[in-house]
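# sequence first, then the predicted structure:
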Amino acid sequence: MSLALRNVSRTFNGTTAVKGVNLEVEPGEIIGLLGTSGCGKSTLLRAISGLDPEYDGEIEINGNVSREIQDTASFIFQEPRLLPWLNVLDNVTFGLTGKRKDKENKAIDYLESVGLSDKDALYPRELSGGMAQRVAIARALVTSPEILLLDEPFSALDAFTKMQLQDLLLDVWKKYQSTIVMVTHDIDEAMYLCDRVVILKGQPGEVEREIRIEQKRPRDRGSEYLAHLKSEILDCLDLNKK
Ligand SMILES: Nc1ncnc2c1ncn2[C@@H]1O[C@H](COP(=O)(O)OP(=O)(O)OP(=O)(O)O)[C@@H](O)[C@H]1O
């Protein structure tokens, strides 16, 4: 699914949070929105999803300008937001329509993709943080979204689980080829996952720079290329102490 933001700005009560954002995203691309706290990254995701239609400018999805809630989009948040009274299987089938058996079969396929096919009967309180976030990924994918919007999806997890889930995201992306826009604070994560990183800066937040990551995936987290890029990104965010 293609996506274009044209001169998108959002003002809350007279204060502009994010200003003049232009972005063209190709189908199947993974885009990272990176920037310091408060520069409007989540605000942009909400505008793209249609949850917040009160922005200025234009957002075009698959060639159509729209401010509607996007049925073809799924969100994954920092916390899994599972329904505590439903087991894993029912959390994944929750947003689906159709016959119960068909919904369950579909959910089981996606639970298998995230390595949880044997955990379908567990309740959210019985899951680790990483397992719960895997369920959230399965729930987001089961509706076959054309665009996945991720808002710091791994930032609440320990370093090892985070790396595992980043690889899992790439595996499921390879299989389903959704377009992905992800907000992150984590420069390493953005460089490991994304085709392009859009750096936002300031208040109001504006696009400072776009960096294309030329290295093919799977990437070597410790490569010189990524170390060099990281330094460039830190410079751009004025975070490099020289
Ligand atoms: N509903 C709202 N009402 C008023 N102000 C808002 C609202 N949503 C966001 N803002 C303001 O817009 C600015 C950008 O917020 P946003 O959450 O998009 O930033 P962010 O870059 O995602 O930050 P963080 O990285 O800390 O999550 C902030 O100053 C915030 O206070």
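Good, I have the coordinates.

# give me the next element, helix or strand, following the top helix by length along the chain.
Using DSSP state H, we find that the single longest helix of the chain is helix 159-176. Once the chain leaves helix 159-176, the next helix or strand it forms, by DSSP states H and E, is strand 179-184.

# got the angle for the lowest-mean-pLDDT helix or strand in the chain vs strand 179-184?
Every helix and strand of the chain was ranked by mean pLDDT, DSSP states H and E. The lowest is helix 159-176, at a mean of 89. On the basis of axes from the mean of the first three to the mean of the last three CA atoms, to 10 degrees, helix 159-176 is oriented at 160 degrees to strand 179-184.

# quick one: contacts of helix 159-176?
Contact with helix 159-176 is made by 30, 113-115, 128-130, 133-134, 137, 141, 144, 150, 153-155, 157, 180, 189, 192-193, 217-218, 221, as judged by CB atoms under 8 Å, 6 or more residues apart in numbering. C-beta coordinates here come from the backbone N, C-alpha and C atoms, glycine included.

# next, the buried residues of it.
For helix 159-176, burial by neighbour count (16 or more other CB atoms under 10 Å) applies to 161-166, 168-170, 172-173.

# and what of stretch 28-35?
For stretch 28-35, burial by neighbour count (16+ other CB under 10 Å) applies to 28-35.

# domain assignment for the protein?
Domain segmentation of the chain under automatic domain parsing yields 3-72+146-236, 83-144.

# quick one: is the first one near the ligand?
Yes: for a cut-off given as CB under 6 Å from any ligand atom, domain 3-72+146-236 has contacts with the ligand, namely 12, 17, 35, 37-43.

# ChimeraX command for the buried members of these?
Buried members of the residues of domain 3-72+146-236 next to the ligand, defined by 16+ other CB under 10 Å, are picked up in ChimeraX with:
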select :17,35,39,40,41,42,43
